[in-house]
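A.B. asks: return atomic coordinates for the entry below.
(chains A and B)
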Amino acid sequence: MTPIIGIIASSTSGASALGNFESISTQTLGSSQATITFSSIPSTYTHLQLRIISRSTNTSFQQIGFSMRFNGDTAANYSAHQLYGDRSVAGASAPGVSATSMLLGQESSSINNPSNLSFGATIIDILDYTNTNKYKTVRSLTGSDITTAGTIALRSGNWRSTSAVTSITFFETSSFTANSSFALYGIK
Amino acid sequence: MPKTYEPIATYTVSGSSTTTYTFSSIPGTYTDLVLIASGSLTTDADVSIRVNGDTAVNYSRTRMWASTATASDGGTGDYFSGTVWYTSTSNNNAIFHFMNYSNTTTYKSVLSRSNSTNTMVNSQISMWKSTAAITSITVGVFSAIYSAGSTFTLYGIKAA
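C.D. replies: Numbers count the residues shown, from 1 in each chain, chains lettered A, B, ... in the order given. Below is the predicted model of the structure:
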């Protein structure tokens, strides 16, 4: 049951996986970058977790979302749903039903962002990522707060493939800014 | 392989007068911090956080919650609060993720989820408007007393 305990630690409850929670790789940007890819992900874990802070170079919106794909698959094999709050309403939506990626992250951008130092935060759990008998399920807790506005969301995603996840790619409509950081962990 | 997810400190309320608890001298050797709180209060109140003893209006939050209906709000203050904890015999709990807490180039973002087990569930993003590394965390409600047996545990997560 240890891996399940590890996943719980990312969300609501008490214990952590401790010795069964291992760092795989981290990418911290020295300059803006359009995509982030983790490749050759080892299959020796049961679940994966990504812990992210990020900001966008976008100057049209105060906050935007970012998306994720697996194994370079750009076909319409994904879906995503969310519960969200934006300080005025709490709602639900389906940002992608038959989509080419999963909207899972939320970040602040480079407009009206306090000193351009506010970063969104995201924790993503990828469950049973090496199992070749079922489609893959993902969930995230994500949000950005820029003092005058903010968004918090619980999102889920589905990749309709039985392939093991061996690579993960993040992208958005603009680029991730310098100091954005993506950390990948494995849970045994 | 070195441990990635480690306990740093735990505090268990034993008396009848604890309104705040401070984790101080937090090492800067981790990437993220995770604070897990479990317990109850002697009066209904928000469980709130300050860092580095900063009492200025440098905090903001955006949250959504549900009890019998859903709602969302946000704002600024001299601390950021999580969900309301109630004086029930059921446990309330909260988990706070302090993301990249020791970097000195960004404001600090904190993701949290909390539950008043018989009343409310809450998800939240909070921000501390400072580029300073977080070296202390004070968890308290500034008006209510924690019940004996309430626990606060701080973990560190270290990225490669």
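
A.B. asks: beyond the worst-scoring helix or strand of chain A on mean pLDDT, next helix or strand please.
C.D. replies: Taking mean pLDDT, DSSP states H and E as the measure, chain A has helix A:2-9 as its least confident helix or strand, at a mean of 34. The first helix or strand that comes after helix A:2-9 along the chain, using DSSP states H and E, is strand A:21-28.

A.B. asks: that next one pairs with which strands, and in what direction?
C.D. replies: Strand A:21-28 sits in its sheet next to strand A:181-187 (antiparallel), going by DSSP bridges.

A.B. asks: how about residues contacting the strand it pairs with?
C.D. replies: A:3, A:6-7, A:17, A:20-29, A:36, A:38, A:41-42, A:44-54, A:168, A:170, B:4, B:31-32, B:100, B:103, B:157, B:159-160 (CB atoms under 8 Å, 6 or more residues apart in numbering or on different chains). For every residue, glycine as well, the C-beta is placed using N, CA and C.

A.B. asks: could you rerun that using 6 Å?
C.D. replies: Counting contacts by CB atoms under 6 Å, 6 or more residues apart in numbering or on different chains, the residues outside strand A:181-187 that touch it are A:3, A:6, A:17, A:21-28, A:36, A:38, A:45-53, B:100, B:159.

A.B. asks: stretch A:117-133 too?
C.D. replies: Residues from elsewhere that reach stretch A:117-133, judged by CB under 6 Å, 6+ apart: A:7, A:10, A:43, A:47-55, A:104-108, A:137-142, A:144, A:146, A:162, A:164-165, B:99, B:106-107, B:109, B:111, B:127.

A.B. asks: filter those residues to the buried ones?
C.D. replies: When the contacts of stretch A:117-133 are checked for burial by 16 or more other CB atoms under 10 Å in any protein chain shown, the buried set is A:7, A:10, A:47-55, A:104-108, A:138-142, A:144, A:146, A:165, B:99, B:106-107, B:109, B:111, B:127.

A.B. asks: so which residues on chain B come close to chain A?
C.D. replies: Selection of chain B residues close to chain A by CB under 6 Å from any CB of the partner chain yields B:3-5, B:32, B:36, B:60, B:62, B:64, B:70-74, B:99-100, B:105-107, B:109, B:111, B:113, B:123-125, B:127, B:155, B:159-160.

A.B. asks: tell me how far the residue nearest to residue A:77 when sequence neighbours are not counted lies from residue A:103.
C.D. replies: Of all residues not flanking residue A:77 in the chain, residue A:160 sits nearest, at 4.6 Å (CB to CB, 6 or more residues apart in numbering or on different chains). For residue A:160, the distance to residue A:103 (CB to CB, to the nearest Å) stands at 16 Å.

A.B. asks: between the two, point out the one with more neighbours.
C.D. replies: residue A:103 (25 against 13; other CB atoms under 10 Å in any protein chain shown).

A.B. asks: how near is the residue nearest to that one when sequence neighbours are not counted to residue B:76?
C.D. replies: With CB to CB, 6+ apart as the criterion, residue A:103 has its nearest non-adjacent residue at 4.2 Å, and that residue is residue A:95. Applying CB to CB, one obtains 28 Å for the distance of residue A:95 from residue B:76.

A.B. asks: neighbour count winner among those two?
C.D. replies: Neighbours per residue (other CB under 10 Å) separate residue A:95 from residue B:76, with residue A:95 holding more: 19 against 15.

A.B. asks: helix or strand for that one, which one?
C.D. replies: Using DSSP H and E, residue A:95 sits in strand A:90-99.
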